[in-house]
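> build the 3D model from these lines:
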Amino acid sequence: MIVKKTGLAFALAASLSMMFAIPQAQAGDLIVSGAASLTNAFKEIGTAFQSRHPATKLQYNFASSDTLLQQIAKGAPVDVFASADQETMDKAETQKLITASTRKNFVGNTLVVILPSDSSAAVKSLADLKQPGFKKIAIGNPASVPVGRYTKEVLEAAGAWSALEGKMIMAQNVRQSLDYVARAEVDAGFVYGTDAAIQRDKVKVALTVPTQKPITYPIAATAASANAVEAAQFVDFTLTPEAQAIFAKYGFSKP
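Numbers count the residues shown, from 1 in each chain. Coordinates of the predicted model:
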């Protein structure tokens, strides 16, 4: 699909240019690669973790789960991998890129349809998105973005995928979909409930969409981690009451 709007094209180009950007690690650094939807929560989690492990400096790398997996497979120096779906982590485990014994589900999420905050449109069902007023709908690319796969599954189950496919603007990660809606460059978008919550002044949730399977996030230490002990400590920390309270503040549910 060719994106004609300048803002969309610029955002897409910027996303692609950053696709394989990895932090430059220093001795004692712990690099955590997390799904884009974890950005805000993980930054606060990191502050709490470092207060208990002052010798460990965290560095983050956020992108779509599939992009992060590609980076790890290509030898990027990653210590911890957190995915937004089980499928991507299953691939990482099959490719022996993670230490399977450290794999845990640590949070859950929901799928929602959002509109620009000043939109007067009403969406009571997925079928409503077929209306002529919805000309552009942001969706994570199902080929590389977990939220896109969840979206495609529910739309196919509802018999709406083929009717809406021509309206779709494919995003490289869920935060890009969120930005498109927040800037009113599209008429609607599919994101996680947690993403909608961080832009309450610019977007509004029109519909919470039941998914075909629960949205649960797995996390694991990578097999090639140079900081295996610290990586395992971070994984375990995400399940502590303190960390779970932080995740809940950002709208995540318990796994």
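
> SS state for the spatially closest residue to residue 138 that is not a sequence neighbour?
Closest residue in space to residue 138, ignoring its immediate chain neighbours: residue 189 at 3.4 Å, by CB to CB, 6 or more residues apart in numbering. Every residue, glycine included, has its C-beta placed from N, CA and C. Secondary structure assignment for residue 189 (DSSP: H, G, I helix; E, B strand; the rest coil): strand.

> try residue 201
Once three-state DSSP is applied, residue 201 turns out coil.

> that one: how many residues sit nearby?
8 (other CB atoms under 10 Å).

> beta-bridge partners for the residue nearest to residue 138, please?
residue 114, residue 138 (DSSP bridges).

> any idea how far residue 140 is from it?
9 Å (CB to CB, to the nearest Å).

> okay, and the common contacts of these two?
residue 177 (CB atoms under 8 Å, 6 or more residues apart in numbering).

> give the other helices and strands that the strand or helix carrying residue 33 contacts.
Per DSSP states H and E: residue 33 is located in strand 29-35. For strand 29-35, the elements it packs on are helix 39-52, strand 57-63, helix 65-73, strand 80-82, helix 228-237, judged by 3 or more CB pairs under 8 Å, 6 or more residues apart in numbering; DSSP states H and E.

> give the contact list for the residue nearest to residue 138.
Residue 189 touches 113, 114, 137, 138, 139, 177, 178, 180, 181, 203, counting by CB under 8 Å, 6+ apart.

> same thing but 6 Å
114, 138, 177, 180, 181 (CB atoms under 6 Å, 6 or more residues apart in numbering).

> ditto for residue 255
With CB under 6 Å, 6+ apart, residue 255 has these contacts: 105, 106, 107, 108, 216.

> mind checking how far it is from residue 120?
With CB to CB as the criterion, residue 255 and residue 120 are 37 Å apart.

> go on, residue 58?
Taken as CB to CB, the span from residue 58 to residue 120 is 43 Å.

> what about those two, which has more around it?
residue 58 (21 against 7).

> which non-adjacent residue is nearest that one?
Here the residue nearest residue 58, using CB to CB, 6+ apart, is residue 46, at 4.4 Å.

> since we're on the one you found, how many residues are nearby?
For residue 46, using other CB under 10 Å, the count is 20.

> that one reaches residue 59, doesn't it?
No - applying CB atoms under 6 Å as the test, residue 46 and residue 59 come out as separate, 9.1 Å apart.

> got the contact list for stretch 30-49?
23, 25, 56, 58-62, 65, 68, 77-84, 173-175, 192, 194-195, 198, 227, 230, 237, 242-243, 246-247, 250.

> check stretch 104-112 too.
150, 192-194, 196, 205, 208-209, 211, 215-219, 238-239, 247, 252-253, 255.

> show me which of those are buried.
With neighbours counted by 16 or more other CB atoms under 10 Å, these contain buried members at 150, 192-194, 196, 205, 209, 211, 215-219, 238-239, 247, 252-253, 255.

> and which of the contacts of residue 255 is nearest residue 133?
Taking CB to CB as the measure, residue 133 lies nearest residue 108 of those, at 32.3 Å.

> quick one: average confidence on the helix or strand hosting that closest one?
According to DSSP H and E, residue 108 maps onto strand 104-109. Here strand 104-109 scores 98 as its mean pLDDT.

> still on that earlier bit, and the strand holding residue 33 with helix 39-52, angle?
150 degrees (axes from the mean of the first three to the mean of the last three CA atoms, to 10 degrees).

> partner strands of strand 29-35, parallel or antiparallel?
Here, using DSSP bridges, strand 29-35 pairs with strand 57-63 (parallel), strand 80-82 (parallel).

> redo the contacts of residue 189 as a markdown table? Include pLDDT and neighbour count.
Below are the contacts of residue 189 laid out as a markdown table (pLDDT from 0 to 100; neighbours: other CB atoms under 10 Å):
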| residue | pLDDT | neighbour count |
| --- | --- | --- |
| 114 | 98 | 29 |
| 138 | 98 | 27 |
| 177 | 98 | 31 |
| 180 | 98 | 30 |
| 181 | 98 | 29 |
